[in-house]
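Colleague: Kindly generate the corresponding structure for this input.
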Amino acid sequence: MGSIGLTEMLLIAGVGLLFLGPSRLPSLGQALGKSIFNFRRGLSRENCELEALSLEQRENIEDK
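Modeller: Below you'll find the model as predicted:
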């Protein structure tokens with residue numbers, strides 16, 4: 001459970017094709033891809049900031 005197989009992906013694409021039509025489906029896929037990319041980039045930035053804060057706190061504790 002948790003991963004999507006080929007059958008599920010084809011079913012989702014088929015339903016999307018029925019509801020949106022063949023002309024709007026590529027633009028929806030492109031928008032979804034950009035959204036996922038930006039979300040991952042934002043998470044990466046947050047992880048870097050948290051690591052920097054953690055390192056700074058460890059250095060402050062060691063200095064005391």
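Colleague: got the contact list for Ile12?
Modeller: When the contact criterion is C-beta atoms under 8 Å, 6 or more residues apart in numbering, the partners of Ile12 are Ile4. Heads up, the C-betas are built off the backbone N, CA and C, glycines and all.
Colleague: Let me know the helix or strand that it is in.
Modeller: Assigned by DSSP states H and E, Ile12 belongs to helix 6-20.
Colleague: Rounded mean pLDDT for that helix, please.
Modeller: Regarding helix 6-20, the rounded mean pLDDT is 88.
Colleague: Just the C-alphas of it, formatted as CSV.
Modeller: Once side chains and other backbone atoms are set aside, the C-alpha atoms of helix 6-20 remain, and they are given as CSV (Å, rounded to 0.1, in the frame of the first residue of the first chain):
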residue,chain,number,x,y,z
LEU,A,6,0.7,1.1,-13.7
THR,A,7,-3.0,0.1,-13.7
GLU,A,8,-3.9,2.8,-11.2
MET,A,9,-2.0,5.4,-13.2
LEU,A,10,-3.8,4.4,-16.4
LEU,A,11,-7.1,4.6,-14.7
ILE,A,12,-6.4,8.1,-13.4
ALA,A,13,-5.3,9.2,-16.8
GLY,A,14,-8.4,7.7,-18.4
VAL,A,15,-10.7,9.5,-16.0
GLY,A,16,-8.8,12.7,-16.5
LEU,A,17,-9.2,12.4,-20.2
LEU,A,18,-12.9,11.8,-19.9
PHE,A,19,-13.5,14.8,-17.7
LEU,A,20,-11.0,17.3,-19.1
